[in-house]
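*Asks:* I'd like to go over a predicted model; first the sequence, then the structure.
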Amino acid sequence: MNIGYIRVSTEQQHTDRQHEIIQWYECEKVFEEKITGTKRERPELNKMIEQLRKGDTVVVEALNRLGRSTKDLISLVEQFNAMGVDIVSAKENIDTTTPTGRLVFMIFAALAQFERDTIAERTREGLKAARARGKKGGRPRADQKAVAQALKMYDTMDGNKGRFSISEISKACGISAPTLYRYINERKAKQK
């Protein structure tokens, strides 16, 4: 049985393209979740793994939908292999039902890890060089006066009938909605 797995990292991302690919492979079951790939616990992935049987094939749009890292991906493939389950990845054109597919999978996984490691190394080197020049890394903090004003405006909201919407507050104060939500959540955490 072909079983599809679809994952996007955020609620704002769409799964349409992945659904089209999964339909092309005529998957009988599809497991879908909106959760970052860096999370160890992915409920739908775990549910899918519990239902896999020998002879099944897991179909994904791309390998990065399935694994958090090369190590995680290889571990998953080894687990699937031990269960007698294969993987098909449309983007990388990998089909582990064939010896060539298994070899290509291992090469792609190693190259992907190498690329991530290289990017991380360059980032660390860049930050170190910037610090040596007296620069700080990261995003600049939001203007605290603007944040205070935004929180004050937010406090005037009364359920859904408030005086200001989140987008109005963001525009008026010059801070993004995610930044506003982050400060709202930080304030709630402090109040607990």
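*Replies:* Here it is on my side, so go on.

*Asks:* ok, and what's touching the helix or strand bottoming out on mean pLDDT in the chain?
*Replies:* Sorting the helices and strands of the chain by mean pLDDT, DSSP states H and E puts helix 70-83 at the bottom, at a mean of 80. With contacts defined as CB atoms under 8 Å, 6 or more residues apart in numbering, helix 70-83 is touched by 49, 52-54, 58, 63, 66-67, 86-87, 96, 105-106, 109-110, 112-113, 116. The C-beta positions use only the backbone N, C-alpha and C, and glycine is treated the same way.

*Asks:* quick check: buried residues in it?
*Replies:* By 16 or more other CB atoms under 10 Å, the buried positions in helix 70-83 come out as 70, 73-74, 76-77, 80.

*Asks:* nearest to residue 177 among the residues you listed?
*Replies:* Closest approach to residue 177 among those (CB to CB): residue 73, at 33.5 Å.

*Asks:* measure the closest one to residue 167 for me?
*Replies:* Per CB to CB, to the nearest Å, residue 73 is found 39 Å from residue 167.

*Asks:* where in the chain is pLDDT low?
*Replies:* Counting by pLDDT under 70, the ranges of the chain that qualify are 37-40, 68, 109, 157-162.

*Asks:* can you show me the strands along it?
*Replies:* Assigned strands in the chain, in chain order: 2-8, 29-34, 57-60, 86-89, 94-95 (criterion: DSSP state E).

*Asks:* list the pairing partners of the shortest one within its sheet, with orientation.
*Replies:* Okay, so that is strand 94-95. Using DSSP bridges, the strands paired with strand 94-95 are strand 86-89 (antiparallel).
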